[in-house]
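Trainee: Provided below for reference: sequence and predicted model.
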Amino acid sequence: MELKALKTNNTTDSTCTLPVDLANYKLGYTDIVSPEWNHKMENDNVNLESVSLEKGCSVAPNPQTLRQFQVLVAERTAQLELSLKVQAKLYEQTRRQVEELRHLNELKDEFLSTISHELRTPLTSMSLAIRMLRQPEISPDRQQKYLEILESQCQQEIHLIDDLLTLQELEEQTIEMEGQTIDVQDFMETTTAGFETRWSHKQLKLNLEIAPESTNLETEPDSLKRILAELLANAGKFSDAQSQVRISVQPDRADGRDGVAVEIANRGMGIQNTELAEIFHKFRRGTGVTDRAIAGTGLGLALVKALVEQLGGTINVSSEPLASGSAWETCFTLLLPQSDSVSHEEIGNRE
């Protein structure tokens, strides 16, 4: 409370400023002016509450008004709490979007770095070979050597561009699959032939295990061949030297399915649990892969997953450390149905 003097018409009146409270809510202040209080203001021990009661300035709230006021306060409080919750949700949503954009930007930077390296390296070799071929009096042996370099590096460029275009076509669903019946035994032996020779610098062995019951499969052979080639190339890159790559083919009869289960396992550099969920994403490569100068663009496994889903199948991966040593065992599992047993609607639902 505040007691102050107010000068009006050459007469000094006393003004009493009192707070107006209603059910513990401060509504404001009121001023009470009276010339009768002049002598009271000279007394330091004046009781203002007694003065306010004396002049009838105490507030006696009406019960109905009090209830209306309490309802209004409750409504405004609820609106404020709701507004704060909405703002908190918007903040969290914005934070997640910013984090996702930051992650995508990191992937983009990593992809640009990788793709630049993969494109420039063959072009550099090709440019060098062309300059050497232009030298006068080059021997036939050296000429043949540089022509082989040109052909090899050109094929590498074509393979990279084909991967990009095929992946785009699969995402846009513009590729039509035509199923054919294949003999699983013959197909697997033909597709895997030559990989041991390709891995000779690491002395890797290929162990092919095919169950006798896995006879025929109705599928699109070119797509399946591309899937197996990508997975075997991936296994060869990340296997420890002098180790083994294992391929197991079994019939898949679970849950009434009629198809084939293919496992491709290798021992060597593993995949961290935090990366398993993203291993099939485009341009995604494992931690430390680029630092170790392991060739690749991060498109191979994304292409594999897209082709498997186009065939109506599924693919999963597991990677666990071995009990002894620092190596891990990584296993890709394909479940491939008979193509005539999977409807276009089911394939669309998987996508």
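Mentor: Right, received. Where do you want to start?

Trainee: Count the neighbours of residue 85 for me.
Mentor: 10 (other CB atoms under 10 Å). Backbone N, C-alpha and C define where each C-beta goes, glycine included.

Trainee: Over to the residue most central in space within the chain: give its phi and psi.
Mentor: When CA atoms, centre = their mean is applied to the chain, the residue found nearest the centroid is residue 278 (6.6 Å). Main-chain dihedrals, residue 278, degrees, to the nearest 10: phi -110, psi 0.

Trainee: distance of it from residue 305?
Mentor: 11 Å (CB to CB, to the nearest Å).

Trainee: cool, residue 211 as well?
Mentor: 25 Å.

Trainee: Could you do residue 108 as well?
Mentor: 20 Å.

Trainee: Between the two, point out the one with more neighbours.
Mentor: residue 305 (21 against 11).

Trainee: Quick one: distance of the lengthiest helix in the chain to the chain centre.
Mentor: When the chain is parsed with DSSP state H, its longest helix is helix 63-133. Its chain's average C-alpha position is 11 Å from that of helix 63-133, according to CA atoms, centre = their mean, to the nearest Å.

Trainee: Residue 330 reaches residue 271, doesn't it?
Mentor: Yes. Contact criterion CB atoms under 8 Å: residue 330 and residue 271 qualify, at 5.9 Å.

Trainee: neighbour-wise, which of the two wins?
Mentor: residue 330 (23 against 18).

Trainee: Once you drop chain neighbours, what's closest to the more buried one?
Mentor: Spatial nearest neighbour of residue 330, excluding adjacent residues (CB to CB, 6 or more residues apart in numbering): residue 319 at 4.3 Å.

Trainee: before we move on, back to that, so what does the longest helix of the chain touch, helix or strand wise?
Mentor: In terms of contacts (3 or more CB pairs under 8 Å, 6 or more residues apart in numbering; DSSP states H and E), helix 63-133 is packed against helix 140-171.

Trainee: please redo it, this time with the cut-off set to 10 Å
Mentor: Where contact means 3 or more CB pairs under 10 Å, 6 or more residues apart in numbering; DSSP states H and E, helix 63-133 is packed against strand 11-22, strand 25-34, helix 140-171.

Trainee: mind giving me the domain ranges of the chain?
Mentor: 2-61, 96-171, 180-350 (automatic domain parsing).

Trainee: The residue nearest to the centre of the chain contacts residue 107, doesn't it?
Mentor: Yes. Residue 278 is in contact with residue 107 according to CB atoms under 10 Å; the separation is 9.1 Å.
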